[in-house]
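> Pasting the sequence and the predicted model now:
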Amino acid sequence: MNGSADEGTHAGRRSSARAQLTEGNVPRMLIRLTIPMIFGVLSMVLYNLVDTLFVGRLGTDQLAALSFTFPVVLVISSLALGIGIGASAAVSRAIGAGDHDRVRRLATDSLVLALLIVGAFATAGVLTIDPLFRLLGANERVLPYIREYMTIWYPGMVFVVFPMVGNHAIRATGDTRTPGIVMMIGALANAVLDPLLIFGIGPFPALGIRGAAAATLLGRSITFVVAIYVLAVREGLLDFRRPKITAVLSSWKEVLYVGIPAAATRMIVPIGAGIVTRILSEYGPEAVAGYGVATRVEFFGLAIIRALAAVMAPFIGQNLGAGKIGRIREGYRTAQRMSVIVGGSFFVLLFFLAGPIARLFTEAPDVVRTTIRYLRIVPVAYALQGIYMISAPGLNVLHKPLIAAGLGAMEMIALIAPLALLGSWLFGVTGIFAGIAVSYAITGLLSRTAFHRTLASIGGA
């Protein structure tokens, strides 16, 4: 018993040694933390881009099928990310307060919770493939390919979820480098396995779109093993002692207080994507395929901002725990400037390179045309969408998760859905994409106001 306690204290000290987000130059610190995080975010983007690149070689219907799966895959990922954000907020506050035993309990219980919730969703998903994707607008041309992909992806979700939540726990300690390395290893494995399993190169069978799903899960399984090693062995963040049920429920309550609204906020993207996919399905599989390509490119374009957003949660959490509100204000100002610079730069880049980028994935004229339209319209609002992306995790950690979730719900229900429908009615596909851009801009401005008011209410004015 004493040995376990000593080990827990030692592990806590190892973790707290990296909890240095409460001191030093803020802009330099955020840049230093964001750079390694970019590799982690890019690894997630790489999964999508590589899959899209090779599946596009199979044909337009297969590419459309992959595009239909995107919102559903993102919904499940959003659940895991929401729990991860809740864990990061709780763990970072415990680190800031110096409660090392609580750090280990929270990290362990968060992982168990994620596996239970996502396991239930995966089971339901396998049983509802056809009705769900018909609701999204998939026709009989693409449904067989969707079935092939999702019947492999759903059962392997444990390999997707565990590293996501585990990496958030690691980031809460201030270590943004290790999660990036863990995710990049899996992404590179996926990039190698994709062509082998999709086209049947060498001794590998030609699995078509099933090969893309299999390659993704094999790559994720590598990150699963590495994440377990880092959490349990290197960081000592996992507590294998039998806990009291009251302690577990207490951890779950603290994690879900932020995690549920955070998951709801994260789900706005896939639900919004699902709505747009349904509207675009009226224009045929080619329009859906083009939209799928464009959104994969968009994920790449926003990678730096996503990395910065991931850094903001532990930064704000540790400084909130230490009572350093001024540093939070300075960090948010820095993050805003970075968002505007990065978002504006990618708008210019994508506007002029939209054509060559689209043709990397397919030569189908209608698919290319849809991709180009998206990449020349929506990125105009990337700077403001970036401000929303950095504000939402900040609001979560500042104990205002319902405001963050409300902003996300507003973007989907009050903005994207009606504006995309109106745009479709007035201007067709071009109008749909213009509606998305306007939605991004409005949400970004409102989230900035919400963050400043929240900070002022706790003494940051």
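Ah, there it is. Nothing here was measured: the structure is a model prediction, and the numbers come from that model. Numbering: from 1, shown residues only.
> quick one: buried residues of the helix or strand where Val269 lies?
Val269 belongs to helix 245-280 when assigned by DSSP states H and E. Neighbour counts over helix 245-280 (16 or more other CB atoms under 10 Å) mark 250-252, 254-280 as buried. Placement of C-beta: from N, CA and C, glycine included.
> Quick one: mean pLDDT for that helix?
Taken as a whole, helix 245-280 has a mean pLDDT of 83.
> what bits of the stretch 1-150 of the chain have low per-residue confidence?
1-20, 97-99 (pLDDT under 70).
> If I follow the layout properly, Ala263 ends up in contact with Ser78?
Yes. Here Ala263 reaches Ser78: they are 5.6 Å apart, a contact under CB atoms under 8 Å.
> Which residues are in contact with Ile458?
Ile325, Leu398 (CB atoms under 8 Å, 6 or more residues apart in numbering).
> from the middle of its chain, how far away would stretch 115-127 be?
19 Å (CA atoms, centre = their mean, to the nearest Å).
> ditto for stretch 213-224
The gap between where stretch 213-224 is centred and where its chain is centred comes out at 17 Å by CA atoms, centre = their mean.
> Tabulate the CA atom coordinates of it in CSV.
Extracted in CSV, the C-alpha atoms of stretch 213-224 (Å, rounded to 0.1, in the frame of the first residue of the first chain):
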residue,chain,number,x,y,z
ALA,A,213,-10.8,1.6,-43.2
ALA,A,214,-8.5,-1.2,-42.3
ALA,A,215,-5.4,0.9,-42.8
THR,A,216,-6.8,3.6,-40.6
LEU,A,217,-7.5,1.2,-37.8
LEU,A,218,-4.1,-0.4,-38.1
GLY,A,219,-2.5,3.0,-37.9
ARG,A,220,-4.7,3.9,-34.9
SER,A,221,-3.8,0.7,-33.1
ILE,A,222,-0.2,1.7,-33.1
THR,A,223,-1.1,5.0,-31.4
PHE,A,224,-3.2,3.0,-29.0
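> contact partners of that stretch?
By CB under 8 Å, 6+ apart, stretch 213-224 touches 47, 51, 148-150, 152-153, 156, 158-160, 162-163, 182-183, 185-190, 193-194, 196-198, 207.
> just the buried members of the residues you listed?
Applying 16+ other CB under 10 Å to these, the neighbour count classes 47, 51, 148-150, 152-153, 156, 158-160, 162-163, 182-183, 185-187, 189-190, 193-194, 196-198, 207 as buried.
> For burial, what's the neighbour tally of Asn139?
14 (other CB atoms under 10 Å).
> Tell me how far the residue nearest to it when sequence neighbours are not counted lies from Ala364.
Nearest residue to Asn139 in three dimensions, chain neighbours excluded: Pro285, at 7.3 Å (CB to CB, 6 or more residues apart in numbering). According to CB to CB, to the nearest Å, Pro285 stands 10 Å off from Ala364.
> Neighbour count for these two, which is higher?
Comparing Pro285 with Ala364 by neighbour count (other CB under 10 Å), the higher total belongs to Pro285, at 26 against 20.
> thought the more buried one was touching Val142?
Yes. The criterion here is CB under 8 Å, and Pro285 meets it with Val142 at 5.8 Å.
> Which parts of the stretch 351-461 of the chain are helices?
Listed in chain order, the helices of the stretch 351-461 of the chain (DSSP state H, counting those that start in this stretch) span residues 365-377, 382-397, 401-409, 417-427, 429-455.
> can you tell me which of those the model trusts least?
helix 401-409 (a mean of 85).
> Return the set of buried residues in that helix.
Within helix 401-409, the residues that count as buried by 16+ other CB under 10 Å are Pro401, Leu402, Ile403, Ala404, Ala405, Gly406, Leu407, Gly408, Ala409.
> Any chance of those residues in TSV with distance to Ala441 as columns?
Shown next, in TSV, are these (distance: CB to CB, whole Å):
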residue	distance to Ala441
Pro401	23
Leu402	23
Ile403	19
Ala404	18
Ala405	20
Gly406	18
Leu407	13
Gly408	15
Ala409	17
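> Could you find the closest non-adjacent residue to Leu445?
Distance criterion CB to CB, 6+ apart; nearest residue to Leu445, sequence neighbours excluded, is Leu384 at 6.3 Å.
> how close does the one you found get to Met267?
Distance, Leu384 to Met267, by CB to CB: 20 Å.
> same check, this time on Val397
19 Å.
> tally of neighbours for Ile35?
For Ile35, the count of nearby residues is 15 (other CB under 10 Å).
> Now do the contacts for it.
If a contact means CB under 8 Å, 6+ apart, then Ile35 has Ala307 as its contacts.
> following the helix or strand where it lies, which helix or strand shows up next?
Here Ile35, judged by DSSP H and E, is contained in helix 26-55. Heading C-terminal from helix 26-55, the first helix or strand you meet, by DSSP H and E, is helix 60-97.
> buried sites along that next one?
60-96.
> and the angle from that helix to helix 365-377?
Here helix 60-97 points in a direction 30 degrees away from that of helix 365-377 (axes from the mean of the first three to the mean of the last three CA atoms, to 10 degrees).
> Name the residues of the helix or strand following helix 60-97 that come out as buried.
Following helix 60-97 in sequence order, the next helix or strand is helix 100-127 (DSSP H and E). Neighbour-count burial for helix 100-127, counted by 16+ other CB under 10 Å, picks out 100, 102-111, 113-115, 117-118, 122, 125.
> chain center to whichever helix or strand comes after helix 100-127: distance?
Counting by DSSP H and E, the next helix or strand C-terminal to helix 100-127 is helix 129-135. Mean C-alpha position of helix 129-135 versus that of the full chain (CA atoms, centre = their mean) differs by 23 Å.
> Only alpha carbons, please: show helix 129-135 as CSV.
Extracted in CSV, the C-alpha atoms of helix 129-135 (Å, rounded to 0.1, in the frame of the first residue of the first chain):
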residue,chain,number,x,y,z
ILE,A,129,-25.8,2.0,-41.1
ASP,A,130,-28.5,1.9,-43.9
PRO,A,131,-31.2,4.1,-42.3
LEU,A,132,-28.6,6.6,-41.1
PHE,A,133,-26.9,7.1,-44.4
ARG,A,134,-30.1,7.2,-46.3
LEU,A,135,-31.1,10.0,-44.1
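> Would you state the helices of the stretch 101-250 of the chain in chain order?
Secondary structure of the stretch 101-250 of the chain (DSSP H, counting those that start in this stretch): helices at 129-135, 143-153, 158-172, 177-199, 209-229, 245-280.
> For Leu353, which of the ones you listed is the nearest?
helix 177-199 (21.6 Å; CB to CB).
> by contact count, what packs against that closest one?
helix 26-55, helix 158-172, helix 209-229 (3 or more CB pairs under 8 Å, 6 or more residues apart in numbering; DSSP states H and E).
> Generate a markdown table for those helices, with distance to Ala307 as supplementary columns.
Below are those laid out as a markdown table (distance: least, CB to CB, whole Å):
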| stretch | distance to Ala307 |
| --- | --- |
| helix 26-55 | 4 |
| helix 158-172 | 11 |
| helix 209-229 | 17 |
